[in-house]
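In: got a predicted structure here, sequence first:
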Amino acid sequence: MKKELLFRLFIGFLGGVVLSYFITIAISLIIGDGNYYPCVPGLTERFGNEVTAVVIQTVLSAILGAGFAGCSLIWEKDEWSLLKQTGIYFSIASVLMMTVAYVCEWMEHSVKGVLSYFGIFLGIFIVVWLVRYIIWKIRISKIKEGLQNNH
């Protein structure tokens with residue numbers, strides 16, 4: 001279990017950095033003025049220069065990726081109910097996401113900004129959870145069907 005956790009943390013760490021980098025490229029392309037935007041201007045202002053801001057954003061993105069990947073082990077706790085798994089995973093993931101998003105200035109620093117960002121996060125979480133739930137229901141049905149056909 002520890003070996004699997006360390007592996008997932010490592011992969012998530014790298015994945016967080018890579019995903020963050022691709023997001024900055026996408027944002028730069030969407031802005032479309034020919035400049036590369038490695039982070040939001042507010043983060044650069046807060047830390048005094050772009051290099052420090054990018055380092056902070058990269059480290060936090062890596063931690064975020066590692067956190068999400070490490071938390072995925074929660075879904076393998078068969079002795080826990082789906083409600084318990086979902087609640088614990090969502091609690092950890094939302095604290096991680098909201099903290100990193102706030103520090104990196106990915107959201108407006110106001111009650112409206114925090115609530116809006118959380119609402120978007122919650123919406124995405126629900127959609128992903130429902131898709132995963134449906135996929136598992138289909139898989140379980142196929143397994144049951146296969147078992148019935150073998151008897």
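Out: Good, I have the coordinates. Residues are numbered from 1 along each chain as shown.
In: can you give me the neighbour number for residue 82?
Out: 11 (other C-beta atoms under 10 Å). No exception for glycine: its C-beta is placed from N, CA and C like everyone else's.
In: cool, and residue 96?
Out: Neighbour count of residue 96, defined by other C-beta under 10 Å: 19.
In: which ones are touching the closest residue to it other than its chain neighbours?
Out: Among residues not flanking residue 96 along the chain, residue 67 sits closest, at 4.3 Å (C-beta to C-beta, 6 or more residues apart in numbering). Applying C-beta atoms under 8 Å, 6 or more residues apart in numbering, we find residue 67 in contact with 12, 92, 93, 96.
In: would you list the buried entries among these?
Out: In the contacts of residue 67, burial by neighbour count holds for 12, 93, 96, counting by 16 or more other C-beta atoms under 10 Å.
In: does the second one touch residue 128 like I think?
Out: No. Shown here, residue 93 and residue 128 do not form a contact pair, counting by C-beta atoms under 8 Å, at 10.5 Å.
In: sorry, back to before: mind telling me the two of the contacts of residue 67 farthest from one another?
Out: Farthest apart among those by C-beta to C-beta are 12 and 92. That separation is 12.7 Å.
In: just the pLDDT for residue 151.
Out: On pLDDT, residue 151 comes in at 68.
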